[in-house]
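Peer 1: Show me the folded form of this:
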Amino acid sequence: MSDGHNREEGRDKVYDRRLAARLLKYLFPHKWSVLAALVLSMVDGPLATAGPLLTKAAIDLFLVPDPSRPPTGYVLWLKQSADAVGLGGSRSRGFIFIAALFLLCNLVQSAAAYLHEVIAESAGQKAIYKLRQEIFSHLQKVPIQFYDRTPVGGMMTYMTNDVDALVEIFSSGMIAVLSNVAIAIYIVGCMLRIDWSLALVSCATLLAMTGFAAWFRIIARPISRSFRERIAAMNAFLQEHLTGMQVIQIFNREAEEMRRFEQVNEARLRAGMAALFRNALFQPAIATLALVGIALVICFGGIQVMYKVISLGTLVAFIQLAQSFYDPVVDLHSRYPVLQSALASSERIFSFLDEPVSNPSVEKPVELGRARGRIEFRNVWFAYKADDWVLKDVSFNIEPGEKVAFVGLTGAGKTTITNLLLRFYEIQQGQILLDGIDIRQIDLLQLRSNFGIVLQDIVLFSGDITSNIRLGDHSISEAKVRIAARQVHLDPIVTGLENGYRSAVLQRGANLSTGQKQLVGFARALAFDRPILILDEATSSIDSRTESQIRDAIQKIMTGRTAVVIAHRLSTIQSVDKILVMQKGEIRECGNHKSLLARRGLYWGLYRLQFGGNPIADAEMTMDAGYLFQR
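Peer 2: Next comes the predicted model:
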């Protein structure tokens, strides 16, 4: 049992060193600021001992002078200095001289502390800025599978609570640790020079402090880790339920969701209370041990004063030095809770940053440029989970400029086709080619820059209508934005708003209707003018009147482009060149609308489900001027 515990503790120490080393890398770019802060903190050592040493001189020279003990060392130098400036002739003037020196040392110490705080905090905030930038950049690179298994609230915790937990250790924690160690060493040296026996008594208390801190470290890490996990769980719960509040209210789930929140909140409370009791124990325990050390100095030092082994000034100075010595030691140990909390957070942050980047580009990608639009799937097998195949040996060709629709029941694998085309996921077997090039050999940014896409659920961002159409691409002019909006019949809606194209869009487009958001998505796809267009249930949220308005726009944007259409509404795909019917991850039928109906297979069955009647008779009617496409 003991051996197992020691091995676990040893692994934790090694792991902690690795975490600390990774954290230090973020301070390295600001090494000169850190060095300046350290130099300023080193000034604090001599200045911290100045007060006790001046107190000793004041007592031994002017308050309780002992003729049998003539001044030596720095005390003699202070006496000579006081005499040289004419303040050593009387005790009162001598006290004025000592007080002036004491004030001067404290002013210098305060100025150094101010500069140290500003420089250290500045370096720490810049390190935090860099870390947040890296986390957000990594969030944009991790595979979609990561988002499938990680709640949004958990990801928010990385950027907020976990990073905030590192602010203290970055801004002053690491520098403070080094400066406190330096100050403690300097004070110990000064104590040894004054009286080595009392110095040893003071240092003996360090053993008890170190032992207590080691024990505390063992219990602190799991509690800190649990606390951070509970915060992440609460953030995830709140994010999910706040975005789904409408559903909760419609189905009268308020009481049940309140009960579930109470469970999450109670778990967070228990973890918080455990952390509270842990932190509350540490500080007074360390402070008590420091007071025990000072009491020992008073006891042993007082005895030596009684037997005239040391002077009263030496004892008083030593008590002050002991206090000055324990202050950085206590501060050093009091940072343990902060350190443990920071290490628990850094575990989560670095665990996320170690997530492999999605679809890393090859070292020497094939130059694609603007694609012609030929797409080929060759014997593609794909599973989101091992051996649970979503696509099974799928093969098909789409020629440049061809319009191809994928239909099938929910779960047939239609949307998976587009996800694989854009390399949101990697196939397990087979090949996907664009213009004859394996898409894994194409730079990811260049690959995706050839696709325009309109999804069923349009994502809008806080900003205005214009910024949501061009998504920060300022090469898309205002005129082009308006042309795209007119083509999809969005322009009359936008011009009717108070600020037109500068009208504010709330988070996720909360102030726009579902149909209006869908039209913004169409305008966005048009404005970007990509050679390949993906429409994934793109008209599912648009009413029949609006749908008829934009069908001609869809026809226009399809012209000259390869188009991949995922649709449940069969009425929207009557005019495409080819329809691929999918079932359980396989392509079962292929042909145009008329030929598929004539086969009386899966497509014929889907058509009957939607429209009823006789599909063959209806199909005859569609051949004249695209009747079905207009209804």
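
Peer 1: Where does Gln555 sit: helix, strand or coil?
Peer 2: Judged by DSSP: H, G, I helix; E, B strand; the rest coil, the three-state class of Gln555 is helix.

Peer 1: for it, what are its contacts?
Peer 2: Residues near Gln555 by CB atoms under 8 Å, 6 or more residues apart in numbering: Ser575. Where you see a C-beta, it was placed from the backbone N, CA and C, and this is true even at glycine.

Peer 1: How many residues are close by Ile59?
Peer 2: 20 (other CB atoms under 10 Å).

Peer 1: which stretches of the stretch 51-200 of the chain form helices?
Peer 2: 73-84, 91-139, 144-149, 152-157, 163-168, 174-194, 196-243 (DSSP state H, counting those that start in this stretch).

Peer 1: Not counting its own residues, what contacts the first one?
Peer 2: Here helix 73-84 makes contact (CB under 8 Å, 6+ apart) with 53-54, 56-57, 60-61, 70-71, 88-89, 93-94, 97-98, 101.

Peer 1: what about burial for these, which qualify?
Peer 2: With burial judged by 16 or more other CB atoms under 10 Å, the buried subset of these is Leu53, Leu54, Lys56, Ala57, Asp60, Leu61, Pro71, Gly88, Gly94, Phe97, Ile98, Leu101.

Peer 1: which of the residues you listed sit farthest apart?
Peer 2: Leu53 and Gly88 (17.3 Å; CB to CB).

Peer 1: Isn't Ser345 up against Thr160?
Peer 2: No: counting by CB atoms under 8 Å, Ser345 sits too far from Thr160 to count as a contact (10.6 Å).

Peer 1: Which one's more surrounded, these two?
Peer 2: Taking other CB under 10 Å, Ser345 and Thr160 do not tie; Ser345 has more neighbours (25 against 13).

Peer 1: Tell me which residues touch the more buried one, please.
Peer 2: By CB under 8 Å, 6+ apart, the residues touching Ser345 are Asn161, Asp162, Val163, Ala165, Leu166, Ser224, Arg228.

Peer 1: Recalculate using a threshold of 7 Å.
Peer 2: Listed by CB atoms under 7 Å, 6 or more residues apart in numbering, the contact set of Ser345 reads Asp162, Ala165, Leu166, Arg228.

Peer 1: Between all of those, which two are separated the most?
Peer 2: Leu166 and Arg228 (11.6 Å).

Peer 1: circling back to that earlier point, looking at the contacts of Ser345, which one is closest to Arg22?
Peer 2: Leu166 (11.2 Å).

Peer 1: Surely that closest one touches Ser346?
Peer 2: Yes: counting by CB atoms under 7 Å, Leu166 touches Ser346, with 6.5 Å between them.

Peer 1: Tabulate the CA atom coordinates of stretch 523-534 in CSV.
Peer 2: Below are the C-alpha coordinates for stretch 523-534, written out as CSV (Å, rounded to 0.1, in the frame of the first residue of the first chain):
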residue,chain,number,x,y,z
ALA,A,523,-27.0,35.1,-50.0
ARG,A,524,-23.8,34.1,-48.2
ALA,A,525,-23.2,31.1,-50.6
LEU,A,526,-23.9,33.3,-53.6
ALA,A,527,-21.5,36.1,-52.4
PHE,A,528,-18.6,33.7,-51.9
ASP,A,529,-19.0,32.4,-55.5
ARG,A,530,-17.5,28.9,-54.9
PRO,A,531,-17.3,26.4,-57.8
ILE,A,532,-19.0,23.6,-55.8
LEU,A,533,-22.3,24.2,-54.0
ILE,A,534,-23.7,22.0,-51.2
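
Peer 1: what sits up against it?
Peer 2: Applying CB under 7 Å, 6+ apart, the contact partners of stretch 523-534 are 370-371, 373, 418, 450-454, 469-471, 476, 480-481, 484-485, 487-488, 490, 557-558, 561-564.

Peer 1: ok, which stretches of the stretch 401-550 of the chain are strands?
Peer 2: 403-407, 429-434, 437-438, 451-454, 463-464, 504-505, 532-536 (DSSP state E, counting those that start in this stretch).

Peer 1: and of those strands, who's closest to Ala21?
Peer 2: Per CB to CB, nearest to Ala21 of the strands of the stretch 401-550 of the chain: strand 437-438, 39.3 Å.

Peer 1: Low-confidence stretches in the stretch 451-600 of the chain?
Peer 2: Within the stretch 451-600 of the chain, the segments meeting pLDDT under 70 span 538-553, 556.

Peer 1: can we see that at 80?
Peer 2: 456-457, 472, 506-511, 513-515, 537-560, 567-572, 574 (pLDDT under 80).

Peer 1: From the contacts of Ser345, pick the one nearest Ile119.
Peer 2: Leu166 (18.4 Å).

Peer 1: residues contacting the closest one?
Peer 2: Contacts for Leu166 (CB under 7 Å, 6+ apart) come out as Ile128, Ala342, Ser345, Ser346.

Peer 1: and those, which of them are in strands?
Peer 2: Among these, no residue falls in strands (DSSP state E).

Peer 1: Same list (the buried ones among the contacts of helix 73-84) but as a markdown table, adding pLDDT.
Peer 2: Output for the buried ones among the contacts of helix 73-84, formatted as a markdown table (pLDDT from 0 to 100):
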| residue | pLDDT |
| --- | --- |
| Leu53 | 81 |
| Leu54 | 82 |
| Lys56 | 80 |
| Ala57 | 81 |
| Asp60 | 78 |
| Leu61 | 78 |
| Pro71 | 69 |
| Gly88 | 64 |
| Gly94 | 77 |
| Phe97 | 83 |
| Ile98 | 82 |
| Leu101 | 85 |
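
Peer 1: Could you check the pLDDT of Arg69?
Peer 2: pLDDT, Arg69: 70.

Peer 1: Phi and psi next, for the closest residue to it other than its chain neighbours.
Peer 2: Excluding the flanking residues, the one nearest Arg69 by CB to CB, 6 or more residues apart in numbering is Ser311, at 6.0 Å. Taking degrees, to the nearest 10, you get phi -90, psi 160 for the backbone angles of Ser311.

Peer 1: For Arg217, find the nearest of the strands of the stretch 401-550 of the chain.
Peer 2: strand 463-464 (47.5 Å).

Peer 1: and that closest one, what does it pack onto?
Peer 2: If you count contacts as 3 or more CB pairs under 7 Å, 6 or more residues apart in numbering; DSSP states H and E, strand 463-464 packs onto strand 504-505.

Peer 1: How far off centre is the strand it packs on?
Peer 2: The chain centre lies 26 Å from the centre of strand 504-505; the measure is CA atoms, centre = their mean, to the nearest Å.

Peer 1: Spell out which strands sit alongside it in the sheet and which way each one runs.
Peer 2: Paired with strand 504-505 in the same sheet, following DSSP bridges, are strand 463-464 (antiparallel).
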